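Engineer: build me a model from this:
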Amino acid sequence: MKYSKLFLAVSYLSFIGVLLAVYLLWEQFFHPAFQPCNINSFINCNAIISGAVANTLGIPTPIYGLIGYIVLMIAGLMHQKKLILGTASFGLVFCLYIAFRELVQLRVICPVCITCQVVMISVFTIGVILIRRKD
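Structural biologist: From the prediction side, this is the model:
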């Protein structure tokens with residue numbers, strides 16, 4: 001894959017992450033009647049956005065994702081591979097922390113959170129590839 005296409009992939013994936021984070025924030029603040037990701041007591045976004053994972057250090061957790069994905073999107077557009085890898089590394093650790101709290105402590109799965117985690121793993125992987133390339 002061409003070098004510039006890898007940066008573009010980071011931007012596209014990050015845009016998807018922005019949309020997911022905005023969706024989680026919208027659900028957290030407005031509690032809409034229709035919640036497509038609340039399937040049952042185990043597969044449930046509401047347990048995440050209203051429970052123990054809803055805030056991190058007093059700030060709504062989706063805001064961290066929103067900021068991180070915006071930084072990644074801009075870094076991808078500006079071809080900043082070190083910023084991509086650094087932000088994605090923090091994002092990956094944060095996502096793993098949230099996944100641990102979801103699965104082990106709350107015993108629920110949030111499909112939107114899992115999708116965010118897959119996006120972050122993908123961006124991290126691309127970041128590693130970008131750093132290792134000599135182009």
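
Engineer: residues contacting residue 65?
Structural biologist: Taking C-beta atoms under 8 Å, 6 or more residues apart in numbering as the criterion, residue 65 is in contact with 17, 20, 21, 24, 91, 94, 116. Every C-beta, even on glycine, is put in place using the N, C-alpha and C of the backbone.

Engineer: for residue 100, state which of those is nearest.
Structural biologist: Nearest to residue 100, judged by C-beta to C-beta, of the contacts of residue 65 is residue 94 at 10.8 Å.

Engineer: what's the burial count for that closest one?
Structural biologist: Number of residues near residue 94 (other C-beta atoms under 10 Å) recorded here: 18.

Engineer: can you name the next helix or strand after the lowest-mean-pLDDT helix or strand in the chain?
Structural biologist: Across the helices and strands of the chain, mean pLDDT, DSSP states H and E gives its lowest value to helix 46-49, namely a mean of 78. On the C-terminal side of helix 46-49, the nearest following helix or strand under DSSP states H and E is strand 55-56.

Engineer: what's that next one in contact with?
Structural biologist: 61, 64.
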